[in-house]
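**Student:** everything below, folded, please.
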Amino acid sequence: MKYLDKFRFILILLISLAIVFSCQDDDDPLGPEDNTPANVVATLNLPLDVNGKSWHVVFDEDIDPSNGYIYTDNGICGSGTTISFTIEDVPNGVFFVYARVSVNSQFGSPPKPGDLIGIYGGSFVDNIPELPNFTIPEKGEVSISIDLMEVPDNTPADVVGTLNLPFNVNGKSWHVVFDEDIDLSNGYIYTDNGICGSGTTESFFIEDFPKGLYYVYARVSVNSEFGSQPVSGDLIGIYGGSFLDNIPDTPNFAIPENGEVKLSIYLMKVP
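**Tutor:** Numbering: from 1, shown residues only. Presented below is the predicted three-dimensional model:
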């Protein structure tokens with residue numbers, strides 16, 4: 001009986017130990033591993049209210065959207081100048097992160113003046129980061145804030161001009177000249193021309209004119225050809241003065257960097 005009791009005791013002990021170790025192997029005190037990718041809590045700071053316009057934020061290894069991107073999210077701007085949102089399950093990595101509000105264009109095309117753009121850790125205008133600079137961990141939560149700015153209008157200015165004639169010279173050619181001096185023989189910076197119609201007013205429109213300060217003068221070649229000296233009967237005029245008795249001392253017509261500027265010149269007959 002003692003031998004059987006000892007055998008039973010050993011058998012029960014072995015079974016108990018097996019059960020204990022089996023339970024320990026299956027029981028992870030830390031719980032199952034969390035392999036869920038990280039979430040990004042984002043804020044876009046806008047310079048003005050653009051309610052109803054679409055926004056996009058892009059995560060990528062470069063800043064060229066034409067070759068695709070790693071991840072993007074988008075939405076519609078509400079009222080106010082702050083957009084807050086959470087992006088779930090963003091892959092781990094180091095990225096450029098940039099944002100855009102398409103005010104005057106469509107996402108996927110180059111931004112236009114009036115659109116809002118911004119990049120994390122810099123500026124698209126004068127401080128683009130050289131390398132990806134926003135790190136997303138394997139899991140957890142990370143915050144990001146991007147300040148956007150309005151795309152400036154770098155399109156050169158347009159000139160809307162009017163020539164005021166003392167009488168009708170229908171069919172005669174007119175020229176308007178922009179230059180740093182009033183000596184036509186040494187060339188000029190820009191000229192526009194056309195044929196006079198009926199009436200005493202000629203209008204012209206010049207696109208994308210470079211910024212600067214110019215003399216602007218005009219001529220209708222009634223009895224001569226443009227490029228030669230005006231003769232009696234031709235019509236001449238200069239902005240801000242007169243070729244006969246009040247020629248400006250210095251260039252006096254300013255063209256800004258962009259926008260639209262108006263110009264009016266009164267011509268008179270060469271005696």
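
**Student:** let me see the domain layout of this protein.
**Tutor:** Domains of the chain are assigned by automatic domain parsing as 38-150, 157-269.

**Student:** pLDDT of the last one, averaged?
**Tutor:** This means domain 157-269. Averaging pLDDT along domain 157-269 gives 95.

**Student:** what's the end-to-end length of it?
**Tutor:** 31 Å (C-alpha to C-alpha, to the nearest Å).

**Student:** and the first one, by the same measure?
**Tutor:** Criterion C-alpha to C-alpha; first-to-last residue distance in domain 38-150 is 31 Å.

**Student:** okay if I get the domains of the chain as TSV plus mean neighbour count?
**Tutor:** Bear in mind the C-beta positions are built from the backbone N, C-alpha and C, glycine included. Formatted as TSV, those follow (neighbours: other C-beta atoms under 10 Å):
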stretch	mean neighbour count
domain 38-150	16
domain 157-269	15
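
**Student:** doesn't V151 make contact with K112?
**Tutor:** Yes: at 6.5 Å, K112 and V151 qualify as touching, with contact defined as C-beta atoms under 8 Å.

**Student:** spatially central residue in the protein, please.
**Tutor:** In the chain, the residue lying closest to the centroid (C-alpha atoms, centre = their mean) is V151, at 3.6 Å.

**Student:** pLDDT value on that one, please?
**Tutor:** 90.

**Student:** need the contact list for it.
**Tutor:** Counting by C-beta atoms under 8 Å, 6 or more residues apart in numbering, V151 touches 111-117.

**Student:** how about a cut-off of 7 Å?
**Tutor:** Residues in contact with V151 (C-beta atoms under 7 Å, 6 or more residues apart in numbering) are 111-115, 117.

**Student:** what's the answer for R219, then?
**Tutor:** 174-175, 226, 230, 234-236.

**Student:** give me the distance between it and T200.
**Tutor:** Distance of R219 to T200, given as C-beta to C-beta, to the nearest Å: 15 Å.

**Student:** okay, and P166 sits in which element?
**Tutor:** Here P166 sits in a region with no helix or strand, counting by DSSP states H and E.

**Student:** phi, psi of it?
**Tutor:** As for P166, its main-chain torsions (degrees, to the nearest 10) stand at phi -80, psi -20.
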